[in-house]
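**Student:** structure of the sequence below:
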Amino acid sequence: MLSSRNILAIIIAAASVTSCNKKPLDLAPVSSFGVQADSMNASHDGASYSLGSPATFNFTGNPVAVTFYSGEIGHNYIYRNRTSAAGISRLIFTNALNAGTQANSLHVMLSTDFKGVVSSRTVVQGVVTANTLVYDSAATQANIAAASWIDVTPSKLATNATAVTDTIDLSTYAAAGKKVFIAFKYTAQAGSIQNKWTITNLTLSNNLSDGTIYTIGNLGAYNVPIVNYGGTTFSPGWMAFPVANTYNWTITAGTSLVITGAATATDATSNAEAWTFMGSIDLTSVTPDMGVAVKNITTAVAPFKYLYPAVGKYDAVFAATNLTAYTQDTTTRKIPVVIK
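**Tutor:** I've put the predicted structure just below:
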């Protein structure tokens, strides 16, 4: 079955052919499109089905494209363009102290004005070496120092190798369109074994009042897909940077963040400081709701069946579109559906 994007591409291609021929496609007005469920109630303003029985929808008219929004979570027509919604922003991660006993060596930090790590790709004879980053240390340290950092470290981090899972509510810092950086700051002192920290199972989510949970950040690399209710967004990724000494965070994409300081007191000849950053990211982000393409320019009108997986009330919406090189016409038809 073709996706909504593929359908749009086919429609545009058909419109372009029409434009070249200077003859508009002979399409009926989209207003002639109609939908009726096979189990309409007496007033014909809704339909009801028993759980396990598919809803069947019959069409009239012949639009170029029809997209179906079931009304389930993640598939509501009214949220098809929504990218932001107020909710509770939660950062959840598991941490373990695998070596060392130095106090206060790990902090979770947040900034709304950090300008990021300054880096560039290595260029050899005019060719970019894609996987080699060159840091501008002075500029990056200046950005870290100039930023306003808020310490949001939870009160009970791990005290040994027994992992602890912490949840931090970041809702106070969430505002639509206002992006933040989240960082783990590591510090270590000279003279004793320096700590080793392991961070795993990290998710940053926007939790809405209707029970939907949108993952908006994790340990995935930059631009690795994150799927929410069938819709796709992308991880903001992580970047590590040592400020003092050479000890730095090791980022294993999708798995962990690990930092190891001096393994012996003899090796701990100087202090260490290193940061790893995720961002920038809008804490109010959500993934737009998705529809299912049920008809395109290459297919004929046919009954459409859909099996709802749970008891409930749903607003099924069909969005129909006609498009030529000269006009575009879109309409929707809504049928309330009850699954008993």
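
**Student:** endpoints of stretch 297-310, how far apart?
**Tutor:** 32 Å (CA to CA, to the nearest Å).

**Student:** what is the mean pLDDT for that stretch?
**Tutor:** For stretch 297-310, the mean per-residue pLDDT is 92.

**Student:** what's the answer for stretch 274-291, then?
**Tutor:** 95.

**Student:** same thing with stretch 57-64?
**Tutor:** For stretch 57-64, the mean confidence score works out to 90.

**Student:** so Ser31, which of the three states?
**Tutor:** Three-state call for Ser31 (DSSP: H, G, I helix; E, B strand; the rest coil): helix.

**Student:** neighbours of the nearest residue to it once chain neighbours are set aside, just the number please.
**Tutor:** Distances taken as CB to CB, 6 or more residues apart in numbering place Thr331 nearest to Ser31, at 6.1 Å, with adjacent residues excluded. For every residue, glycine as well, the C-beta is placed using N, CA and C. Neighbour count of Thr331, defined by other CB atoms under 10 Å: 17.

**Student:** show me what Thr331 is bridged to.
**Tutor:** With DSSP bridges as the criterion, Thr331 is bridged to Ala320.

**Student:** residues contacting it?
**Tutor:** Val30, Ser31, Phe33, Ala319, Ala320 (CB atoms under 8 Å, 6 or more residues apart in numbering).

**Student:** including pLDDT, distance to Gly237 and neighbour count, could those residues go into a markdown table?
**Tutor:** Shown next, in a markdown table, are those (pLDDT from 0 to 100; distance: CB to CB, whole Å; neighbours: other CB atoms under 10 Å):
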| residue | pLDDT | distance to Gly237 | neighbour count |
| --- | --- | --- | --- |
| Val30 | 76 | 42 | 22 |
| Ser31 | 74 | 47 | 12 |
| Phe33 | 89 | 43 | 24 |
| Ala319 | 95 | 34 | 21 |
| Ala320 | 93 | 39 | 25 |
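
**Student:** farthest-separated two in these?
**Tutor:** Ser31 and Ala319 (13.5 Å; CB to CB).

**Student:** quick one: which of the contacts of Thr331 is nearest to Ala293?
**Tutor:** Ala319 (10.2 Å).
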